[in-house]
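Peer 1: just a sequence and a predicted model for now, questions to come.
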Amino acid sequence: MPELCSIMEKAYNHLIMNGLPHDAPAVVDDFKKLQARPKHPEKVPAWAGAVVLLRKVLDIPDSEGIIPMDEHADEDFLRFGKH
């Protein structure tokens with residue numbers, strides 16, 4: 001769970017820093033105005049550091065049912081998959 005929070009923080013902050021805040025409307029009429037708003041980056045919640053890691057790494061297959069090998073895995077997921 002803490003790993004997922006970290007990955008979500010990275011994804012949300014990418015959007016936020018590019019001018020798309022959480023409360024952005026579904027249809028943006030004036031993107032420049034939206035980008036000019038103050039940016040408030042996300043932070044991993046404090047409780048995430050207290051979560052006990054799983055003893056066994058959970059392998060999640062792709063859409064074809066294949067478990068990706070390390071050389072094909074996303075670097076963020078791979079980084080958190082090694083305990």
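Peer 2: Sure thing, it's come through.
Peer 1: contacts, neighbours, all on C-alpha from now
Peer 2: OK.
Peer 1: quick one: contacts for Met1?
Peer 2: 48, 51, 53 (CA atoms under 8 Å, 6 or more residues apart in numbering).
Peer 1: quick check, pLDDT for it.
Peer 2: We note a pLDDT of 70 for Met1 in this prediction.
Peer 1: what do you get for Arg79?
Peer 2: 68.
Peer 1: again, but for the one 4 residues further on
Peer 2: Residue-level confidence at His83 comes out at 42, pLDDT.
Peer 1: list the buried residues in the longest helix along the chain.
Peer 2: Across the chain, the longest stretch assigned as helix under DSSP state H is helix 2-17. By neighbour count with 16 or more other CA atoms under 10 Å, helix 2-17 contains the buried residues 2-3, 6-7, 9-10, 12-13, 16.
Peer 1: alpha carbons only: can I get stretch 1-20 in CSV?
Peer 2: Extracted as CSV, the C-alpha positions of stretch 1-20 are listed here (Å, rounded to 0.1, in the frame of the first residue of the first chain):
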residue,chain,number,x,y,z
MET,A,1,0.0,0.0,0.0
PRO,A,2,2.7,2.6,0.8
GLU,A,3,4.3,1.8,-2.6
LEU,A,4,1.0,2.5,-4.4
CYS,A,5,0.6,5.8,-2.5
SER,A,6,4.1,6.8,-3.7
ILE,A,7,3.3,6.0,-7.3
MET,A,8,-0.1,7.8,-7.1
GLU,A,9,1.7,10.8,-5.6
LYS,A,10,4.1,10.9,-8.5
ALA,A,11,1.2,10.7,-11.1
TYR,A,12,-1.0,13.3,-9.4
ASN,A,13,1.9,15.7,-9.0
HIS,A,14,2.8,15.4,-12.6
LEU,A,15,-0.7,16.5,-13.5
ILE,A,16,-0.8,19.2,-10.8
MET,A,17,2.5,20.7,-11.8
ASN,A,18,1.4,20.8,-15.4
GLY,A,19,-1.7,22.9,-14.4
LEU,A,20,-4.4,20.3,-13.9
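Peer 1: show me where the protein has helices.
Peer 2: Using DSSP H, helices in the chain cover 2-17, 31-36, 75-81.
Peer 1: what's the neighbour count on Pro41?
Peer 2: Per other CA atoms under 10 Å, the neighbour tally for Pro41 reads 14.
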